[in-house]
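**Student:** Mind looking at a prediction? Sequence and model below.
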Amino acid sequence: PAFAVLLCFALSEKHRAAAAQEPPPPDAAPSSPLPYFMHQSVPNACGTIALIHSFANLPPHLRSEGGEGWLEAFVASTSHKTPLERAAALEEDSGLEEKHNEMAMQGDTRVQDFGQSGSPGGFNAVLHFIAYVHIDGVLYELDGMKKAPRARGATSPETLLKDTAALVLSEMGDDMRVNLLALAPAQ
């Protein structure tokens with residue numbers, strides 16, 4: 001079984017346009033705590049948002065296994081907020097910003113080169129992360145660029161990875177610059 005699937009892909013103008021054309025969500029606290037969803041308002045934070053979406057929508061007994069870390073504290077403190085309020089809370093989290101910058105300096109990825117054609121070793125693409133989760137038999141797409149979670153069909157923990165892969169294949173067409181990562185229990 002899988003609990004979440006992360007998709008990393010080359011962001012296209014088609015995806016940006018589709019996200020921009022969605023109708024605005026109601027500006028009210030969610031009537032149900034699931035799925036936990038937040039908007040992305042911090043640039044280059046889509047990977048962080050996808051991880052938050054994945055963690056926040058884990059079954060409660062699995063979320064508590066990690067103890068009282070940053071993720072658990074953030075999700076607990078924002079669970080009653082709207083997606084826009086959650087985004088603002090992330091923007092204001094100086095502890096995460098400091099840790100993120102510290103970790104970014106340790107890596108080899110030069111984010112500033114993304115999208116710059118002609119730069120030595122430049123990637124010339126902007127990457128984006130989305131989370132897919134299973135909640136009560138429904139496959140949800142959680143994309144911080146979009147206005148709300150999207151129900152994408154039926155699934156189960158046993159078929160989440162297969163169902164997500166089929167959805168991605170059907171929507172990406174010929175552009176197969178994608179990576180899928182399943183969050184699953186240790187075997």
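**Tutor:** Looks like it came in fine. Numbers count the residues shown, from 1 in each chain.

**Student:** quick one, what contacts the residue nearest in space to the middle of the chain?
**Tutor:** Here the mean C-alpha position of the chain is nearest to the C-alpha of residue 50 (Cα atoms, centre = their mean), at a distance of 1.8 Å. Residues in contact with residue 50 (Cβ atoms under 8 Å, 6 or more residues apart in numbering) are 6-7, 129-131, 142, 144. For the C-beta atoms, the positions are set from N, CA and C on the backbone; glycine is no exception.

**Student:** Helix or strand for the residue lying closest to residue 49 once chain neighbours are set aside, just tell me which one.
**Tutor:** Counting by Cβ to Cβ, 6 or more residues apart in numbering, residue 144 is the residue found nearest to residue 49 once chain neighbours are left out, at 4.0 Å. Using DSSP states H and E, residue 144 falls within no helix or strand.

**Student:** Pull out the buried positions in the helix or strand of the chain with the lowest mean pLDDT.
**Tutor:** Ranking every helix and strand in the chain by mean pLDDT, DSSP states H and E puts helix 94-106 at the bottom, with a mean of 76. Buried residues in helix 94-106, counted by 16 or more other Cβ atoms under 10 Å: residue 96.

**Student:** Check which helices and strands it sits against.
**Tutor:** helix 70-78 (3 or more Cβ pairs under 8 Å, 6 or more residues apart in numbering; DSSP states H and E).

**Student:** by contact count, what packs against the helix it packs on?
**Tutor:** Counting by 3+ Cβ pairs under 8 Å, 6+ apart, helix 70-78 packs on helix 46-56, helix 83-91, helix 94-106.

**Student:** Would you convert those into JSON lines that also reports distance to residue 161?
**Tutor:** Below are the helices and strands packed on helix 70-78 laid out as JSON lines (distance: least, Cβ to Cβ, whole Å):
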{"stretch": "helix 46-56", "distance to residue 161": "13"}
{"stretch": "helix 83-91", "distance to residue 161": "26"}
{"stretch": "helix 94-106", "distance to residue 161": "27"}
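
**Student:** relative to helix 46-56, how tilted is the lengthiest strand in the chain?
**Tutor:** As assigned by DSSP state E, the longest strand anywhere in the chain is strand 127-135. Angle, strand 127-135 to helix 46-56, by axes from the mean of the first three to the mean of the last three Cα atoms, to 10 degrees: 10 degrees.

**Student:** What are the contacting residues of strand 127-135?
**Tutor:** Contacts for strand 127-135 (Cβ under 8 Å, 6+ apart): 2-11, 15, 34-35, 46-47, 49-51, 53-54, 57, 114, 139-143, 145, 152, 155-157, 160, 164, 167.

**Student:** The next helix or strand after that strand: partners in the sheet, and parallel or antiparallel?
**Tutor:** For strand 127-135, the succeeding helix or strand toward the C-terminus, using DSSP H and E, is strand 138-142. Next to strand 138-142 in the sheet, as set by DSSP bridges, lie strand 127-135 (antiparallel), strand 150-154 (antiparallel).
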